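Participant: build the 3D model from these lines:
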Amino acid sequence: GIGAYLNRLGQRVIQMVNGPMILTGFGALNKVLGKNVYTSQDQLGGPQVMVPNGITHKLVQSDQEGVGAILDWLSFTPKTTWDCSPVLD
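Facilitator: Numbers count the residues shown, from 1 in each chain. Presented below is the predicted three-dimensional model:
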């Protein structure tokens, strides 16, 4: 859905294992289609869809793990505009 598209506009997307990224629920889509095509939100925006499609960059189990991923990514940015990016040894 459009919700997943908007997430992809960001530089990095973190998704929790049990958190589908969708805008329109499966019930509404089934109603529009006139038949039961989808049975869950995960079919529309679950990790099994978003990770292989490149929408989700990091899949995490918890909010704490997600914050850790953000801090890890931020460690690669320069401290100021004039500094070089950190280099791994």
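
Participant: can you pull the contacts of residue 43?
Facilitator: Contacts here follow Cβ atoms under 8 Å, 6 or more residues apart in numbering; on that basis residue 43 touches 26, 49. From N, CA and C alone the C-beta is placed, and that goes for glycine too.

Participant: do residue 49 as well
Facilitator: 42, 43, 55.

Participant: just the ones in helices from those, please.
Facilitator: Among these, the ones falling in helices (DSSP state H) are 42, 43.

Participant: could I get the contacts of residue 49 as TSV with distance to residue 32 and pLDDT?
Facilitator: Below are the contacts of residue 49 laid out as TSV (distance: Cβ to Cβ, whole Å; pLDDT from 0 to 100):
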residue	distance to residue 32	pLDDT
42	19	91
43	15	91
55	22	84
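
Participant: out of the contacts of residue 49, which one sits closest to residue 61?
Facilitator: residue 42 (15.7 Å; Cβ to Cβ).

Participant: what's the spacing between the closest one and residue 15?
Facilitator: 11 Å (Cβ to Cβ, to the nearest Å).
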